[in-house]
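Chemist: this is the structure alone, sequence omitted:
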């Protein structure tokens, strides 16, 4: 189900404060980004429309006499005898109509999102997260200690993407609790609290592996980036 969650100024302030606190004891730099969704999934709507047309064609191919009978009744030919060109023309028209109905029905985002496979959502969210990380954080810290928390609301999915130095020391599974906290907050309609909890847990991990150096400076913005 598509959710419309909004972050108030107070939410932004809480997340900014949480990032500042998390970075206070570590050389790590945390970036937080939230987006309503990670893809428009237009191709999914097209695939469903094509699938419905092929399914209808398969049924006609399997039961041609039933299809002829239904189309004959549709045009009032109760003796069920219609010429081939009429049958094929009407069949083509019905298939185009089915295609358009499905295509326009799936223009409604909640339905399109509901019919999008979870694996597809996961891939698109991950791809968007990696692209954003490359744009805003990758290689922008002196010691390559940037980490990004990305939340995609419509898909109810979160991603944590880290710089090379962090990946060398922290296994991906270690971020599990932070991810769980983030998703739990979204499901409870408390996305801001979920982000704060996740930032706190990421900060603890960074502190354990990258304790703050004396010359550490704040290299990336602490504020929540809302797309």
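Modeler: Right, received. Where do you want to start? Values in this document were obtained by computation on a predicted structure and should not be read as measured data. Residues are numbered from 1 along each chain as shown.
Chemist: please make it C-alpha for all contacts and neighbour counts, starting now.
Modeler: Will do.
Chemist: just the strands in this structure please.
Modeler: 29-35, 146-152, 157-162, 224-226 (DSSP state E).
Chemist: now for the first one, which elements pack on it?
Modeler: Other elements packing on strand 29-35 under the criterion 3 or more Cα pairs under 8 Å, 6 or more residues apart in numbering; DSSP states H and E are helix 9-23, strand 146-152, strand 224-226.
Chemist: of these, which is nearest residue 81?
Modeler: Nearest to residue 81 among the helices and strands packed on strand 29-35 is strand 146-152 (55.7 Å), distances taken as Cα to Cα.
Chemist: show me what the closest one is packed up against.
Modeler: Secondary elements touching strand 146-152 (3+ Cα pairs under 8 Å, 6+ apart): strand 29-35, helix 118-136, strand 157-162.
Chemist: how far away from the center of its chain is the worst-scoring helix or strand of the chain on mean pLDDT?
Modeler: Ranked by mean pLDDT, DSSP states H and E, the weakest helix or strand in the chain is helix 64-74, scoring a mean of 83. With Cα atoms, centre = their mean, to the nearest Å as the basis, helix 64-74 stands 43 Å off its chain's centre.
Chemist: got it, and stretch 180-188?
Modeler: Distance, centroid of stretch 180-188 to centroid of chain: 15 Å (Cα atoms, centre = their mean).
Chemist: tell me how many other residues surround residue 169.
Modeler: Look at residue 169: counted by other Cα atoms under 10 Å, it has 11 neighbours.
Chemist: any idea how far it lies from residue 158?
Modeler: Going from residue 169 to residue 158 by Cα to Cα, to the nearest Å gives 21 Å.
Chemist: let me see the contact set for residue 46.
Modeler: By Cα atoms under 8 Å, 6 or more residues apart in numbering, the contact set of residue 46 is residue 103.
Chemist: residue 72 reaches residue 82, doesn't it?
Modeler: Yes. Using Cα atoms under 8 Å, residue 72 makes contact with residue 82 at a distance of 6.5 Å.
Chemist: ok, these two, which is more surrounded?
Modeler: Neighbour tally, residue 72 and residue 82, criterion other Cα under 10 Å: the higher count belongs to residue 72, 20 against 16.
Chemist: residue 220 is nearest to which of the helices and strands packed on strand 146-152?
Modeler: strand 29-35 (6.3 Å).
Chemist: pull the distance from the closest one to the chain's centre.
Modeler: On Cα atoms, centre = their mean, the centre of strand 29-35 falls 16 Å from the chain's centre.
Chemist: what residues does that strand touch?
Modeler: Taking Cα under 8 Å, 6+ apart as the rule, strand 29-35 contacts 19, 23, 137, 141, 145-153, 199, 203, 218-227.
Chemist: and it, which strands flank it?
Modeler: Strand pairing for strand 29-35, determined by DSSP bridges: strand 146-152 (parallel), strand 224-226 (parallel).
Chemist: what about residue 84, distance to residue 13?
Modeler: Where residue 13 is concerned, residue 84 sits at a distance of 70 Å (Cα to Cα).
Chemist: higher neighbour count, those two?
Modeler: residue 13 (16 against 10).
Chemist: tell me how far that one lies from residue 196.
Modeler: In terms of Cα to Cα, residue 13 sits 10 Å off from residue 196.
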